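> Pasting the sequence and the predicted coordinates here, then a few questions.
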Amino acid sequence: MNFYKQYKAIVIASVISIGMTLPILATASPGAHGPNGEHLDAAQTSQSGSKQTSPRIEAKSELFELVGNLGGGELSIFIDRFATNEPVLQAQVEVESGGVKAQAKYHDDMGDYAVDDPAMLKKLSEPGEHPLVITVLAGKDSDLLDALLKVEVSQDDHDRGIHWEWWALTAFVVLSLITIALVRLRRKQQSSFSLGGKA
């Protein structure tokens, strides 16, 4: 078997090893998905009782108190009067974060104020802590409320990071084995040529 046939055999063996390794990684890596898209480690998550919830905000002042939730393509905010817990309806509400401002639209059916500005939602959806300043103007009363929105890394982003690391590790190991095998074959071939020339 000459050098090129040996090289071809090594490449074929490497491809087969990768094909055999991927199913193992798919089932063994954290956050792996089943045939229906479910998380295979969901049982561990349910046993621990921890689950990922939508990012929330809370704030209060002498006049108002509010709670908010980021999800469903909007930041939804409910506002009450601090002293009486009376809902604040038909007010003017503005949200500011990191130099980005957006008006909140009042929903008659829900009684909440929703921010659906694309620039604001894009900023608030980024993982990290987002300080918010909410301006409330209700009749003759107005106030500024400070809140902090904490956004954690999503499970999908976490899974993609893990899968990428396993791919990189597998590729590195396979390429290292190919390189070592080729170097040994080349040395062996050179030594055989040298012995043949001396003979």
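Cool, the structure landed. This one's a predicted model, so the numbers in the text were calculated from it and none came from an experiment.
> Just the pLDDT at Val183, thanks.
pLDDT for Val183: 73.
> does it count as helix, strand or coil?
Secondary structure, DSSP: H, G, I helix; E, B strand; the rest coil: Val183 is helix.
> Count residues in the vicinity of it, would you?
As a burial measure, Val183 scores 10 neighbours (other C-beta atoms under 10 Å). C-betas here are computed from N, CA, C, even on glycine.
> does Leu137 really touch Ala91, like I thought?
Yes. Leu137 lies in contact with Ala91 (C-beta atoms under 8 Å); the separation is 6.1 Å.
> okay, those two: which has more neighbours?
Using other C-beta under 10 Å as the criterion, Leu137 and Ala91 rank with Ala91 on top: 18 against 12.
> which non-adjacent residue is nearest the more buried one?
What sits nearest to Ala91 in space, not counting adjacent residues and going by C-beta to C-beta, 6 or more residues apart in numbering, is Ala138, at 3.9 Å.
> was I right about the one you found contacting Val88?
Yes. At 5.0 Å, Ala138 counts as touching Val88 under the criterion of C-beta under 8 Å.
> Between the two, which contacts overlap?
Counting by C-beta atoms under 8 Å, 6 or more residues apart in numbering, the shared contacts of Ala138 and Val88 are 64, 79.
> Looking at the two, which is more packed in?
Val88 (21 against 17).
> Could I get the contacting residues of that one?
Here Val88 is in contact with 64, 79-81, 136, 138 (C-beta under 8 Å, 6+ apart).
> By neighbours, which of these wins?
Ile79 (26 neighbours).
> what about this structure, any weak spots by pLDDT?
1-52, 154-167, 192-199 (pLDDT under 70).
> Kindly recompute the last result at 50.
Of all residues in the chain, those with pLDDT under 50 make up the ranges 25-35, 38-50, 158.
> how's it carved up into domains?
3-31+155-193, 56-151 (automatic domain parsing).
> Pick the most deeply packed of the ones you listed.
Neighbour counts (mean count of other C-beta atoms under 10 Å) averaged over each of the domains of the chain peak at domain 56-151, with a mean of 16.
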